[in-house]
Structures are given as C-alpha cells and as structure tokens.
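1. My questions concern the predicted model and sequence given below.
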Amino acid sequence: MRNPRGRIVLPTRPIPIGGAVATGAKPGLVVYIRARSGRLTKEFHRFCTYHGLHARAVQAVINDRPDAFEVIGTVDALERLIGHPAVADFHYILSVRPPVGAQGSGEVTDRVRKSINRDRLPKADRLAAEENARRARLPKDKQLDIELAEARARAAAL
C-alpha cells in the first residue's frame, strides 16, 4: 500500500491470510515445513529470501533441523508462502494457548505486599529487619542474653 505522498505504509488492521488473521505493522505467521527432504527446505529459504520474508527457526525436531519458522513480511508475500509446496501448516504467531501457570486472581495479598516491600528495601535495612524478625522468634531468655551482650559491646567501645 502507498499513501498519496508515496511513502510505503504497512497494514495495521487485521488481515485474513489463509485461515489465520495477521495484524500489526509487519504481519507474521508461524509456518511448519515438510522436513522430508533438504530440497524443500532450501526452496523454502530461497522463496523467503526472494520475496523479502524474514524466517527465524522457532522449533527443532529431528537432528537439530528446524521444523517451524516464524516468518514476518508483507501480506502478499505471506499469502504466496502458504501455497508453497514446502509449507505443511501455518498459524498466526499469537494463535497459541497461553500458559496455565500464569493465572492469578489479580489481587495482591498482604503477605505478597509485605514481601514486595521487603525486597524493595536497601540491603542493609532488609538484613536488619530479617535479624529483628529472627530475634523475635527466639525465647525471651535468649533475647535478653543478646541484648546484654550488645550493651556490653557498646560500653566497651566507649
């Protein structure tokens, strides 16, 4: 596409390419190639180079030979690519299931908030707070022994 001044403008609206919908300034697809022969793989790379597509390997399956490529380029070139004999399957780059482990309620609990605030403290303050918390868990007689030893050390320093 060209605007009236002749500057090349890439699409930012959703564009259907085959069965997928690509969006963004440079639309892209994840393309799975038939890795039966090196000839098809070479033809795939030649096609991408000739049409100005940028293919980056994203999955290796057999003998470290890539099986899937993230291909970014113009809409016309991507439409031609999905008809190439080396292409077995394709989908839009973000058409994947999000990871299950990333779920959360979205609310920060008091325990998490305290942990975040503790991590933001300077190291000396954080270590002092941890030492105070450790001493608070000790029995009273141990706490008094520590306080007495610190008082004697301060008195000896004067």
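-> That came through, no problem.
2. Who are the packing partners of the helix or strand C48 falls within?
-> Using DSSP states H and E, C48 sits in helix 38-50. If you count contacts as 3 or more C-beta pairs under 8 Å, 6 or more residues apart in numbering; DSSP states H and E, helix 38-50 packs onto strand 28-33, strand 54-62, strand 65-72, helix 75-81. Heads up, the C-betas are built off the backbone N, CA and C, glycines and all.
3. for the protein, what helix or strand is lowest in average pLDDT?
-> strand 20-22 (a mean of 59; mean pLDDT, DSSP states H and E).
4. Run through who's touching stretch 125-145.
-> 118-119, 121, 146 (C-beta atoms under 8 Å, 6 or more residues apart in numbering).
5. residues near V31, how many?
-> 25 (other C-beta atoms under 10 Å).
6. dump the residue contacts of it.
-> 55, 68-71, 81-82, 87, 89-90.
7. Among the contacts of stretch 125-145, which ones are in strands?
-> Among those, none falls in strands (DSSP state E).
8. now, the most widely separated pair of those residues?
-> D119 and I146 (26.3 Å; C-beta to C-beta).
9. neighbour count winner among the two?
-> Comparing D119 with I146 by other C-beta under 10 Å, the one with more neighbours is I146, at 12 against 8.
10. Can you name the residues that contact that one?
-> 135, 138.
11. Adjust the sequence numbering to begin at 410 for everything that follows.
-> Happy to do that; since the first residue is 410 now, the last one works out to I555.
12. domain parsing for this protein?
-> Split into domains by automatic domain parsing, the chain comes to 424-505, 518-566.
13. For R465, give me its contacts.
-> 478-480.
14. hmm, which of those residues are the buried ones?
-> 478, 480 (16 or more other C-beta atoms under 10 Å).
15. Give me the below-cutoff pLDDT ranges for the protein.
-> Low-confidence segments of the chain (pLDDT under 70): 410-435, 444-446, 469-475, 503-515.
16. and if we set it to 50?
-> Counting by pLDDT under 50, the chain shows low-confidence ranges at 410-413, 415-420.
17. and the longest helix for it?
-> helix 549-566 (DSSP state H).
18. list the buried ones in that helix?
-> For helix 549-566, using 16+ other C-beta under 10 Å, no residue counts as buried.
19. Run through the residues that contact Y441.
-> 476-477, 496-499.
20. Adding distance to V521 and neighbour count as columns, could you present those residues in JSON lines?
-> Shown next, in JSON lines, are the contacts of Y441 (distance: C-beta to C-beta, whole Å; neighbours: other C-beta atoms under 10 Å):
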{"residue": "D476", "distance to V521": "40", "neighbour count": "17"}
{"residue": "A477", "distance to V521": "37", "neighbour count": "20"}
{"residue": "V496", "distance to V521": "46", "neighbour count": "20"}
{"residue": "A497", "distance to V521": "45", "neighbour count": "14"}
{"residue": "D498", "distance to V521": "42", "neighbour count": "12"}
{"residue": "F499", "distance to V521": "41", "neighbour count": "21"}
